[in-house]
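Chemist: mind folding the following:
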Amino acid sequence: AAAAAAALSVGVDSLLWWPRLGHWVWPEASVLLFNTVENRSGEWGTSPWHWYATSALPRALGGALPLALAAPLLAPHRRRELAYYAVPYLAYVALYSWLPHKELRFIFPAVLALDVPAAVGLAEAAKGALALLP
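Modeler: Residues are numbered from 1 along each chain as shown. Have a look, this model is predicted:
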């Protein structure tokens with residue numbers, strides 16, 4: 001399936017770009033090489049290594065961030081599940097933090113995934129609040 005998707009991408013994009021470039025093109029591979037192997041992404045602007053953690057994630061998650069951070073405390077019986085779910089996405093953000101050029105869209109998968117621990121945190125907080133009601 002991956003090979004078919006790559007072949008489709010090369011075929012369609014080469015057809016569209018051939019008049020300008022005059023050769024076959026695989027956009028996803030070109031971007032990967034430009035950004036990582038050649039490390040030229042900084043030509044589009046740079047941000048400090050901590051930008052995703054200190055600016056992008058807090059703004060993107062908004063009110064979900066405190067709930068996501070509190071989830072392991074609010075649901076200690078779910079810590080292993082939360083870690084199993086959240087750690088790969090946090091690693092994804094950490095890896096992208098090494099690239100000099102940063103955009104919020106690069107970490108959208110992690111933003112969406114980190115809403116899950118926030119939902120667990122909200123559910124546990126709601127259970128606690130409901131338990132206080134007479």
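Chemist: looking at P27 now. What's its pLDDT?
Modeler: P27 is assigned 88 on the pLDDT scale.
Chemist: what's the closest non-adjacent residue to it?
Modeler: D13 (5.2 Å; Cβ to Cβ, 6 or more residues apart in numbering). For every residue, glycine as well, the C-beta is placed using N, CA and C.
Chemist: for that neighbour, give its distance to E43.
Modeler: Counting by Cβ to Cβ, to the nearest Å, the separation of D13 from E43 is 21 Å.
Chemist: neighbour count winner among the two?
Modeler: Comparing D13 with E43 by other Cβ atoms under 10 Å, the one with more neighbours is D13, at 17 against 11.
Chemist: and that one, what does it touch?
Modeler: Contacts of D13 were listed using Cβ atoms under 8 Å, 6 or more residues apart in numbering, and they are V25, W26, P27.
Chemist: filter those down to the ones in helices?
Modeler: Among those, the members found in helices (DSSP state H) are P27.
Chemist: just the buried ones from the contacts of D13, in PyMOL syntax?
Modeler: Filtering those down to the buried ones (16 or more other Cβ atoms under 10 Å) takes a single PyMOL command:
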select buried, resi 25+26
